[in-house]
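Trainee: Pasting a predicted model and its sequence here:
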Amino acid sequence: KAGVTQTPRYLIKTRGQQVTLSCSPISGHRSVSWYQQTPGQGLQFLFEYFSETQRNKGNFPGRFSGRQFSNSRSEMNVSTLELGDSALYLCASSLGGRTEAFFGQGTRLTVV
Amino acid sequence: AQKVTQAQTEISVVEKEDVTLDCVYETRDTTYYLFWYKQPPSGELVFLIRRNSFDEQNEISGRYSWNFQKSTSSFNFTITASQVVDSAVYFCALSVADNYGQNFVFGPGTRLSVLP
């Protein structure tokens, strides 16, 4: 059974640009969540999608957005990149509810 | 508000030693779930164990065991006979049951180094 796949693995962007990250969940999983990991703030919840609907959102500015497609694949977008957006972005998929989530290897975004 | 604390920032042990990772959580909810995840250098978070707030039975799974005590809001994790491959960052996480989907609150993590 294939795991959670995130693309790309690494990205370097310039301040002010925008970026789109992609996540393909485990087959059959309809819940996809996104997390930002930085050395200073640790792992922080961005948002969660279930069957194409955003069900929960963390405390991040509106520059961070996401969507989920009918095949459960998800994308997150960050507009007007800032240096502080440099982080490892992790995607997690699950069956939903309080079940365990399975994470991808992440996309490491560097903003210069 | 929910919060997870892992007081141990870094731990070093010699291979075959037992090691316990501490986790203390805060929540006002009576229904919640606790998790342990491991993050090796490759970056992905690997699921280890899940426990719900109604089940304080402590179990052993292979070299892993956990001690869940609601009275002290602690959910400690023990690795028996540690191995070099256990070297990673370990995260304790809390998920509160509500109608708004899945949302983990993670602790800051404990970096475990197992030396040969």
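Mentor: Nice, I can see it. As the structure is a prediction and not an experimental result, all values here were calculated from the model.
Trainee: Just give me how far the strand or helix carrying residue B:105 sits from the chain centre.
Mentor: Using DSSP states H and E, residue B:105 sits in strand B:104-106. Remark: strand B:104-106 is offset 11 Å from the chain centroid, using C-alpha atoms, centre = their mean, to the nearest Å.
Trainee: swap in stretch A:66-74?
Mentor: Computed by C-alpha atoms, centre = their mean, the chain-centroid distance of stretch A:66-74 equals 11 Å.
Trainee: got the buried residues for that stretch?
Mentor: A:66, A:68, A:72, A:73, A:74 (16 or more other C-beta atoms under 10 Å in any protein chain shown). C-beta here means a position set from N, CA and C on the backbone, and glycine is covered the same way.
Trainee: pLDDT (mean, whole number) over the helix or strand following the strand holding residue B:105?
Mentor: Using DSSP H and E, the helix or strand that follows strand B:104-106 in sequence is strand B:110-115. The average of the pLDDT scores along strand B:110-115 is 97.
Trainee: What are the neighbouring residues in contact with the residue lying closest to residue B:3 once chain neighbours are set aside?
Mentor: Nearest residue to residue B:3, sequence neighbours excluded (C-beta to C-beta, 6 or more residues apart in numbering or on different chains): residue B:26, at 4.3 Å. By C-beta atoms under 8 Å, 6 or more residues apart in numbering or on different chains, the contact list for residue B:26 reads B:1, B:2, B:3, B:4, B:5, B:73.
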